[in-house]
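S.K.: based on what follows, work out the 3D shape:
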Amino acid sequence: MQKTALLLVAAVSLTGCAGMAFQSRANGPYGIYTDTKANDQVTDISVTPSKTGEACSMSILGWVTTGDSTATAAAKAGGIKKIASVDNNFMQILGIYAKFCTVVTGE
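M.R.: Have a look, this model is predicted:
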């Protein structure tokens, strides 16, 4: 019984940890599953958004976080020279795994 209670307390205290790595950029509260998209900024309305690039970072339990989710990396991935908009996507599952992506459109 004590082992079960201890495991339950440990599981509850660890949930949400992966999302903490992207706390300043994530949208909304964490739950069992979160998948949100948000517009970050429109940089130039005269630029035609004919190309899209994406760059992501991921986190496991908030202990290991890797990746490059900068707008520069997303633009490079999409072969974009002029940026029209920058958006972001955030996904997390049970606080165990989290992924933050920056999506850039432009030409």
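S.K.: so who does residue 74 touch?
M.R.: 53-55, 80, 86, 101-104 (C-beta atoms under 8 Å, 6 or more residues apart in numbering). Heads up, the C-betas are built off the backbone N, CA and C, glycines and all.
S.K.: try 7 Å this time
M.R.: By C-beta atoms under 7 Å, 6 or more residues apart in numbering, the contact list for residue 74 reads 53-55, 102-104.
S.K.: next one: phi and psi at it?
M.R.: Main-chain torsions, residue 74, degrees, to the nearest 10: phi -70, psi -40.
S.K.: can you check residue 71 too?
M.R.: Taking degrees, to the nearest 10 as the convention, residue 71 sits at phi -60, psi -30.
S.K.: returning to that earlier point: which among the contacts of residue 74 count as buried?
M.R.: Neighbour-count burial (16 or more other C-beta atoms under 10 Å) applied to the contacts of residue 74 gives 53, 55, 102-104.
S.K.: reformat those as TSV; add pLDDT and distance to residue 65.
M.R.: Formatted as TSV, these follow (pLDDT from 0 to 100; distance: C-beta to C-beta, whole Å):
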residue	pLDDT	distance to residue 65
53	96	21
55	97	14
102	94	15
103	95	19
104	94	21
